[in-house]
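> sequence plus predicted model, see below.
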Amino acid sequence: QLQLVESGGGLVQPGGSLRLSCAASGFTLDGYAIGWFRQAPGKEREGVSCISSHDGSTYYADSVKGRFAISRDNAKKMVYLQMNSLKPGDTAVYYCAAERLALSCRYYQPSEYGNWGQGTQVTVSS
């Protein structure tokens with residue numbers, strides 16, 4: 001059974017850093033694109049970053065470009081999201097998702113990912 005488990009969330013002051021982890025089990029990461037998404041209270045789920053399977057290309061939302069970095073270790077079945085220079089606007093529940101995608105992951109919406117973790121809360125506040 002395919003399973004994704006996020007960890008690494010927490011409370012951090014503005015300007016601080018967190019590294020989120022997404023552990024996969026029940027399947028191999030090879031062939032799956034991985035996306036990080038977030039959802040703040042009262043807002044729709046939005047894409048933060050993703051990494052494609054076939055060429056390792058990455059995508060970042062404009063709001064996080066230059067501050068966040070996504071990486072994957074297929075052998076360890078892990079995907080990471082390094083978040084630096086965090087802002088209060090980054091506060092949300094963060095989810096990782098996996099899907100076999102034919103094109104670069106930048107072209108796909110959250111609804112096109114079929115496998116999701118339970119989420120981890122990130123709160124940026126002083």
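Everything's here; your move.
> hey, let's count contacts and neighbours off CA atoms from now on
Noted.
> the residue nearest the centre of the chain and S104, how far apart?
Nearest to the mean C-alpha position of the chain, by C-alpha atoms, centre = their mean, lies W36 at 1.9 Å. As judged by C-alpha to C-alpha, to the nearest Å, W36 and S104 stand 14 Å apart.
> again, but for G47
14 Å.
> just want to know which of those two has more residues nearby.
G47 (21 against 18; other C-alpha atoms under 10 Å).
> pretty sure the more buried one sits against I34.
No. Taking contacts as C-alpha atoms under 8 Å, G47 lies outside contact range of I34: 11.0 Å.
> who touches both of these two?
The contact sets of G47 and I34 do not overlap (C-alpha atoms under 8 Å, 6 or more residues apart in numbering).
> which residue ranges of the protein form helices?
Under the criterion DSSP state H, the chain carries no helices.
> where along it do the strands fall?
Here the chain has its strands, by DSSP state E, at 3-7, 10-12, 18-25, 33-39, 46-51, 58-60, 68-73, 78-83, 92-99, 115-116, 120-124.
> same for the first one, what does it pack against?
Here strand 3-7 touches strand 18-25, strand 92-99, strand 115-116, going by 3 or more C-alpha pairs under 8 Å, 6 or more residues apart in numbering; DSSP states H and E.
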